[in-house]
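Undergrad: Just to be clear, the model below is a prediction. Sequence and coordinates:
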Amino acid sequence: MRNINPPSKSPQQEIVTGQTAREEPTPVLASHQHLDSSASTLPQSGAQPSEQELTKKQKRRRNKQALKAAAFEARRKPGGPGVAVPQTEAVTLRAPSPPPTNLRSALQVPSNECTILDSEHTSSSSSNNATPTAVTMPSPPPANDSAPNRGPLSMEAGMTTQGGDVFVPIRKIDSGLGCFNVIGVVTSTKPLFRTRNEEWSRNFCIVDPSCMEKDVDFVTYTFTVNCFQKKHAEWLPQAEVGDIVLFRSVKTSTFSGGVNGTGYWDKLRWATYDTQARRFRNPNRNDAPRSEAQDANLGYSYSPYYEPSEQGKEAEYCAQLADWWQAMHAKEQSITVQCAPRPSREHHLISEVTIDTSPQGYFDCTVEILYIYENTSGPNTAYVTDYTVNPGTDPPQASWCSSELSKYVFKMEMWDKAGLLAKTMQPGEFWYLPNSRVLMNSGLNLRGKLVEMHKSKKLDEVVDGKNLHFRALLERKKKFEQGGGASSSSARFDTKLIEDVDDEVGFFHCTVEVLHVDLASAEEPVIYVTDYTFNPYLVNPAEATRWALGLDRRIVKIVLEGGQIGMARDLQPGAVYRIKNLRLIKRTDVKGAFGRLGGEERLIITANDREKDDVQALLQRKEKWKLEMKRDGVSIEPTVNSTAKSRPPTPETSQDLTLKQVVASTVCPNTFTVVARVSDFYPFDLNKATYLRCMNLQRTWKRCVDCDDMLDTHCKWFYNLLFLLEDDEGNDIMVSASNKECKLLSGLPPVDLEADKDAFDRFVARLQPVIGNLRQVHNAYAKQKNLPVVAPKMRFTVDSWIAKGERWYGLLECTPL
């Protein structure tokens, strides 16, 4: 590429590293078929049996267990000893239908299912190749489902047997508990496999009523138990999805800061409760013995098979648990999930994080952006919420935050690369923010900190609608707003058709189609929208344009201000959007009413959910309008480039040209529209895409000696950026993106990109959608490697001029196809 600056027309970490995936399964969404939801055939739990007389031995055992339980409760109280376990908002689970009887077949151990894995007892299986097992789980319940009697859903987790054995609620299991007993419903399991130590292993994800999120009635936490046996695979728990499994003598273990359970080969005892037959199922031993003496027949006799009484407390509790799981299953239409490796950091609600959150305060969260504060001398700040309350935060008092919302707000400081990410965030957006950290400020209030950005993701209600953390957030927001809270100022206004807006209507919401985006307006950026209804206060655009044909007094011109300006570039003509807080303005010096949209809140939202009533109604009005235009003989074919600035029609701008036609044009100066892609750029390193010029003598050096300008008094930074455009015919031309008319770099003043890292990151982020992988291509070339160029095909608007006897080309704007 030519190393040349064309003459212009006028002068011009702080991150948790090395964290591998924890090997206990976490539910994620998957495609499914609707499972049998019939639950009416299950018999209900029986009446409680009468208390029996206890022997002295049983009484001593019960007292011992009571002391152990009391010590456990003391650890859980604030200020008490022990390790606090962060309560994880894992994922929404629900009860499956009773599995069909063919799932109850005897345990088989074919050789092709035995995989040698590198695993230890203190961690869960690291096999990512294990086949996930589908589980049926609930979607969040509707807000209007508020039956006063919750029945089985009000069940309390945990129980104590007549002999004094304590079965712990799952959410009360922490690393300081040691050995414990637990009962839960199996929500997922991995196939049988062999570890590196040649031991048989299975693991199970289980839940109980303590795993439900408060006041939402769906499960947001699972607990994993990893089971091991040295000799007999038949000694491992024989339970499938939907069964209730009873574990005795499970030991807590920690893995990458998380807590799970481990059932050792010589300690674990288990029993499986059949929710369909309402009894404990006999294990299938095949040829395995019921018990064996340990230590070469010199030790005690061990059997993994626990045989609880069918009339005992365990059976009664399992029947109640089956009722609870059945009620969860009947609550809503089911969805299907799979097991996948759970990350070492836990996903937490804001209400759950403390400075003791493990590991080292790091957590993942799913939040809504409420407000972004850009700080010139420190980290940018994002105020976020997941609509849960953490009493350790300091509620903000600001104009953007309602009094009802303030206690739900969490302050997140965005450092380094996350600080750049914060500048792209808009209020009203939903984000997944992994590797966040909770800290305490000098006022002893909790705040968040985020440094990295590469795994953060903006969530879309349609694309990410199956993300269960996201769905739970939307459900909490819905309950919050229905309870009288205002999640933003937008909640105060009504949704209107354009035809219903008059002098008595102030601010309103509307659903519209974008017709045209004018980024080169003499005013601020302007968009033109319609909902295909007539309003006499509106006027037609000043220039006759094809996108306005047949829409007399149906087009609203909206001037964008403040934080809305940055959204204009992303708007696509022909797409449907919901606009909040719009206001029609009438002024004596302006003909017709026009709209104005400002503020920092995200007020223009893509309406991807076309099944919603407002979008459907808009599309129906559009179809009716098309029929009327066809009846009247008016052509309504869309214009080729509706986002380009309006210009007098010429042969070159009336349609897309090839680059060969552009070069062959004899008219100069001129403007062209071409479809091409960027095949290369100059300079080779983008941090050298600006230079300093002496404005006194027009010299391109710093601290001009001839001017004795050692303080850069006359020096000014300019862009020096060239693109090589190539079309489908293989022709190419060099265009300059350095002219002040170029919209690509609008809002990014040229600075020293080598010294200002933040400015360089913003510069690269602006170019990335246009240049594709060309930075990686250049890096590979520097290492004497070749990479294929992958850059998007776009529509470029290019102008030409004559300088120094040659024709030069400059980029005006580029838009995606």
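TA: Happy to help now that I have it.

Undergrad: and residue 292, what does it touch?
TA: 231, 301-303 (C-beta atoms under 8 Å, 6 or more residues apart in numbering). Quick note: C-beta positions are derived from backbone N, CA and C, even for glycine.

Undergrad: From residue 770, how far out is it?
TA: In this view, residue 292 and residue 770 are 70 Å apart by C-beta to C-beta, to the nearest Å.

Undergrad: go on, residue 793?
TA: For residue 793 relative to residue 770 (C-beta to C-beta), the value is 11 Å.

Undergrad: Check residue 444 and give its pLDDT.
TA: At residue 444, the pLDDT value in this model is 85.

Undergrad: before we move on, what SS does it have?
TA: coil (DSSP: H, G, I helix; E, B strand; the rest coil).

Undergrad: Let me see the ranges of the helices in this structure.
TA: 56-76, 294-297, 313-331, 416-424, 468-482, 613-632, 659-664, 757-771, 774-782 (DSSP state H).

Undergrad: Among the contacts of residue 292, name the ones in strands.
TA: Among the contacts of residue 292, the members falling in strands (DSSP state E) are 301-302.

Undergrad: Lowest-confidence one in the contacts of residue 292?
TA: Within the contacts of residue 292, pLDDT is lowest for residue 301, at 81.

Undergrad: For residue 248, see how far away it is.
TA: For residue 301 relative to residue 248 (C-beta to C-beta), the value is 16 Å.

Undergrad: more crowded one of the two?
TA: Ranked by neighbour count (other C-beta atoms under 10 Å), residue 301 and residue 248 place residue 248 first, with 21 against 10.

Undergrad: which residues sit in contact with the more buried one?
TA: With contact taken as C-beta under 8 Å, 6+ apart, residue 248 is in contact with 165, 181, 268-270, 306.

Undergrad: picking up where we left off before, pick out whichever of residue 793 and residue 770 has more residues nearby.
TA: residue 770 (20 against 14).

Undergrad: Quick check, that one in contact with residue 742.
TA: No: checked against C-beta atoms under 8 Å, the pair residue 770 and residue 742 is beyond contact range at 11.4 Å.

Undergrad: where do the strands sit along the stretch 601-750 of the chain?
TA: Counting by DSSP state E, counting those that start in this stretch, one finds strands in the stretch 601-750 of the chain at the ranges 604-606, 670-682, 690-694, 715-719, 722-726, 732-736.

Undergrad: now swap in the stretch 401-550 of the chain and tell me
TA: Under the criterion DSSP E, counting those that start in this stretch, strands of the stretch 401-550 of the chain are mapped to 410-414, 430-440, 446-450, 457-459, 507-518, 526-530.

Undergrad: elements contacting the last one?
TA: Here strand 526-530 is seen to pack against strand 507-518, strand 556-560 when contacts are counted using 3 or more C-beta pairs under 8 Å, 6 or more residues apart in numbering; DSSP states H and E.

Undergrad: and residue 184, how many neighbours?
TA: 28.

Undergrad: State the distance from it to residue 276.
TA: The gap separating residue 184 from residue 276 is 17 Å, by C-beta to C-beta.

Undergrad: Over to residue 223?
TA: On the measure of C-beta to C-beta, residue 223 and residue 276 end up 24 Å apart.

Undergrad: more neighbours, these two?
TA: Neighbours were counted for residue 223 and for residue 276 using other C-beta under 10 Å; residue 223 has more, 24 against 18.

Undergrad: how far away is that one from residue 813?
TA: 55 Å.

Undergrad: And residue 438, by the same measure?
TA: Counting by C-beta to C-beta - residue 438 and residue 813 are separated by 44 Å.

Undergrad: Just want to know which of the two has more residues nearby.
TA: More crowded of residue 438 and residue 813, by other C-beta under 10 Å: residue 438, with 27 against 22.

Undergrad: For the more buried one, list the residues it contacts.
TA: Counted by C-beta under 8 Å, 6+ apart, residue 438 has contacts 353-355, 357, 361, 363, 446-449.

Undergrad: try residue 454
TA: residue 417.

Undergrad: Mind doing that once more with 10 Å?
TA: For residue 454, the contact set (C-beta atoms under 10 Å, 6 or more residues apart in numbering) comprises 417-418, 421, 434-435.
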